[in-house]
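Visitor: Below: sequence and its predicted model.
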Amino acid sequence: MKKYIKIGFSMAIINLSYTLSAQKIDTLFTKSNIDYITYIGLVGKNNLEYSAEKFKIKMAEANILSARVFPDPEFGFSFTDNGQRRMNMGYGFGSELSWTLELGGKRKARIEMAQNEAKLTRILLEDYFRKLRSDATLAYLTGIYNRYLLDVKLNSYQQMKKLAEADSIRFKLGAIAQVNARQSKLEAGTILSEVYAAQAELKSSLVNLSLFSGQRQRSSLFYPKEGFKGFDRNFLLQELIIIAQNNRTDLKIALQNKNISQNIIKLSKANRALDLGLSLSVSYNSYVKNVIAPTPSFTAVNAGISIPLKFSNNRSGELRASEYGKIQAEVLYEQTALNIEAEVTQAFYNYKSAQKQLALFNTGLLAEAKAILNGKIYSYKRGETSLLEVLEAHRTYNEVQQNYYQSLYQHAVALVELEKAAGIWDINF
């Protein structure tokens with residue numbers, strides 16, 4: 001009777017120490033729970049790099065204002081003093097206003113080009129957010145995945161720790177050999193090391209959540225609340241390709257680059273047109289009192305037109321370069337469309353493969369591995385199974401769990417990549 005009381009007291013101590021150890025492992029950092037919708041909202045609102053990209057739109061709009069500006073007029077003033085005081089030759093004043101009159105539609109071409117560049121900037125910002133949103137979502141999914149992996153390692157350690165402490169008592173009572181007690185204790189220590197590594201990996205992924213959302217988390221880290229649910233979709237490949245060709249921002253960028261190449265040609269042709277120089281001058285000469293050739297004072301008004309001699313038009317390098325740029329933009333547009341079709345196709349097949357891999361676990365594979373482990377532990381406690389068989393079943397169960405969560409994670413990632421490639425977005429979990 002005393003023997004069983006001793007065993008029961010020892011098991012109570014084991015359970016208490018196990019609980020304290022689990023709490024110590026689980027509270028190494030402070031968590032701030034956050035759901036996906038709130039998180040992705042913070043990304044769109046507070047991400048610093050995205051905020052910096054928005055300033056490019058303001059800069060592009062400022063360039064439009066600059067393109068609207070007419071050439072500045074020039075004003076000149078002159079004073080003439082003959083320096084012949086003895087001869088009374090007099091003095092004079094002069095002023096001139098000149099302005100360049102642009103011909104050939106230069107200003108209109110500049111404005112159109114600046115407007116198209118501003119439109120391109122807006123599309124680039126949209127494309128930047130498309131990539132940012134998917135990257136931030138992948139970071140959130142990685143946090144969920146690492147959270148599950150830590151739970152697997154922690155539960156595995158807790159279970160092995162119980163077994164090791166029970167084996168220690170059984171060894172003291174002479175029920176098992178010392179090597180078995182040492183082996184189970186060694187296994188528990190090995191798994192504890194894996195727990196610490198998994199926890200470091202989780203904390204590292206949670207730091208990324210704060211980075212994407214532009215938050216300074218000094219006292220706590222964002223902790224994803226959701227699991228891997230709501231990632232099952234049914235798609236048709238040809239429909240996805242058509243949607244991508246209509247929605248992908250990088251294809252819109254390639255199309256806008258084609259429009260800009262047309263503007264460059266138009267501006268190059270406009271720059272070859274002659275510009276007129278217009279001038280208006282007024283001069284005043286004072287009375288000349290020289291006795292030999294006295295001259296009354298007078299005011300002269302002059303208007304003139306200057307025409308540049310455009311010898312540079314014989315050099316058509318700028319125009320030819322812009323025409324080659326147009327051809328290049330057309331080729332790049334076709335290549336972008338081809339790349340998009342390939343990306344959608346690859347992402348589609350990856351998603352289908354991930355669906356099939358996840359479906360394997362719906363056959364009861366996880367439950368079967370757990371049942372085998374429980375059976376091995378029960379048999380080991382009755383002396384019917386060796387410790388090595390228990391450890392092998394324990395490792396197998398851990399691998400099955402990890403493979404299951406990895407399949408869930410890869411399935412979710414594959415959906416994010418597919419929707420990113422197709423230019424659609426309905427991720428909400």
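Guide: Received, thanks.
Visitor: got a list of contacts for whichever strand or helix holds residue 32?
Guide: Secondary structure from DSSP states H and E places residue 32 in strand 31-34. The contact list for strand 31-34 (CB atoms under 8 Å, 6 or more residues apart in numbering) reads 209, 217, 220, 221, 222, 223, 224, 225. To be clear about C-beta, it is placed using only N, CA and C from the backbone, and glycine gets the same treatment.
Visitor: Could I get the buried residue list for whichever helix or strand comes after that strand?
Guide: Moving toward the C-terminus from strand 31-34, the next helix or strand (DSSP H and E) is helix 36-46. Buried residues in helix 36-46, counting neighbours by 16 or more other CB atoms under 10 Å, are found at 36, 39, 40, 42, 43.
Visitor: One more: stretch 132-146?
Guide: Across stretch 132-146, burial judged by 16+ other CB under 10 Å covers 132-134, 136-146.
Visitor: any idea how far it is from the chain center?
Guide: When distances are taken as CA atoms, centre = their mean, to the nearest Å, stretch 132-146 is centred 12 Å away from the chain's centroid.
Visitor: And the contacts of it?
Guide: For stretch 132-146, using CB under 8 Å, 6+ apart, the contacting residues are 36, 39-40, 43-44, 47, 49-50, 198, 201-202, 205-206, 208-209, 212-213, 222-224, 226-228, 405-406, 408-409, 412-413, 416-417, 419-420, 425, 427.
Visitor: Report how many residues lie close to residue 173.
Guide: 12 (other CB atoms under 10 Å).
Visitor: buried subset of the contacts of stretch 132-146?
Guide: Listed as buried from the contacts of stretch 132-146 are 36, 39-40, 43, 47, 50, 198, 202, 205-206, 208-209, 212-213, 222-224, 226, 228, 405, 408-409, 412-413, 416-417, 419-420, 427; burial here means 16+ other CB under 10 Å.
Visitor: From those, which land in helices?
Guide: Judged by DSSP state H, these include 36, 39-40, 43, 50, 198, 202, 205-206, 208-209, 212-213, 405, 408-409, 412-413, 416-417, 419-420 as members of helices.
Visitor: Sketch out the low-pLDDT regions of the stretch 51-200 of the chain for me.
Guide: Under the criterion pLDDT under 70, the flagged ranges of the stretch 51-200 of the chain are 82-91.
Visitor: Helices along that one, start to end?
Guide: Under the criterion DSSP state H, counting those that start in this stretch, the stretch 51-200 of the chain carries helices at the ranges 106-172, 178-213.
Visitor: Kindly reformat those helices as JSON lines containing distance to residue 308.
Guide: What follows is the helices of the stretch 51-200 of the chain, written out as JSON lines (distance: least, CB to CB, whole Å):
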{"stretch": "helix 106-172", "distance to residue 308": "13"}
{"stretch": "helix 178-213", "distance to residue 308": "56"}
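Visitor: of all those, which lies closest to residue 279?
Guide: Among the helices of the stretch 51-200 of the chain, helix 106-172 comes nearest to residue 279, with 19.8 Å by CB to CB.
Visitor: Give me the distance from that closest one to the chain's centre.
Guide: Its chain's average C-alpha position is 11 Å from that of helix 106-172, according to CA atoms, centre = their mean.
Visitor: Next, the angle helix 36-46 makes with that helix.
Guide: Put simply, helix 106-172 runs at 140 degrees to helix 36-46, going by axes from the mean of the first three to the mean of the last three CA atoms, to 10 degrees.
Visitor: From residue 415, how far out is the residue nearest the centre of the chain?
Guide: Using CA atoms, centre = their mean, the residue of the chain that lies closest to the mean C-alpha position is residue 132, 3.1 Å off. Distance, residue 132 to residue 415, by CB to CB, to the nearest Å: 18 Å.
Visitor: now do residue 32
Guide: Residue 32 is 26 Å from residue 415, by CB to CB.
Visitor: Show me which of the two is the more surrounded one.
Guide: Taking neighbours as other CB under 10 Å, residue 32 and residue 415 compare with residue 415 leading, 24 against 14.
Visitor: mind checking pLDDT for the more buried one?
Guide: In this prediction, residue 415 carries a pLDDT score of 96.
Visitor: ditto for residue 219
Guide: Looking at residue 219, its pLDDT stands at 68.
Visitor: ok, back up a step: including distance to residue 180, could the contacts of strand 31-34 go into JSON lines?
Guide: What follows is the contacts of strand 31-34, written out as JSON lines (distance: CB to CB, whole Å):
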{"residue": "209", "distance to residue 180": "44"}
{"residue": "217", "distance to residue 180": "45"}
{"residue": "220", "distance to residue 180": "43"}
{"residue": "221", "distance to residue 180": "40"}
{"residue": "222", "distance to residue 180": "44"}
{"residue": "223", "distance to residue 180": "39"}
{"residue": "224", "distance to residue 180": "40"}
{"residue": "225", "distance to residue 180": "42"}
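Visitor: Need the max-distance pair from these.
Guide: Greatest spatial distance among those (CB to CB): 217 and 225, at 15.9 Å.
Visitor: Residue 118 contacts residue 64, doesn't it?
Guide: Yes. At 5.9 Å, residue 118 counts as touching residue 64 under the criterion of CB atoms under 8 Å.
Visitor: Distance of the residue lying closest to residue 128 once chain neighbours are set aside relative to residue 295?
Guide: By the measure of CB to CB, 6 or more residues apart in numbering, the closest residue to residue 128 outside its immediate chain neighbours is residue 53, 5.2 Å from it. Using CB to CB, residue 53 is found at 70 Å from residue 295.
Visitor: Among those two, which residue is more densely surrounded?
Guide: residue 53 (16 against 13).
Visitor: looking at it, that one is touching residue 122, isn't it?
Guide: No. Residue 53 is beyond contact range of residue 122, at 10.7 Å (criterion: CB under 8 Å).
Visitor: list the contacts for the residue nearest to residue 372 when sequence neighbours are not counted?
Guide: Using CB to CB, 6+ apart and skipping residues adjacent in sequence, the residue nearest residue 372 is residue 393, 5.3 Å away. Shown in contact with residue 393 (CB under 8 Å, 6+ apart): 369, 372, 373, 376, 377.
Visitor: and the helix or strand that contains residue 393, how far out from the chain's middle?
Guide: Per DSSP H and E: residue 393 is located in helix 387-422. With CA atoms, centre = their mean as the basis, helix 387-422 stands 26 Å off its chain's centre.
Visitor: Same question for stretch 374-392.
Guide: Distance of stretch 374-392 from its chain centroid, counting by CA atoms, centre = their mean, is 50 Å.
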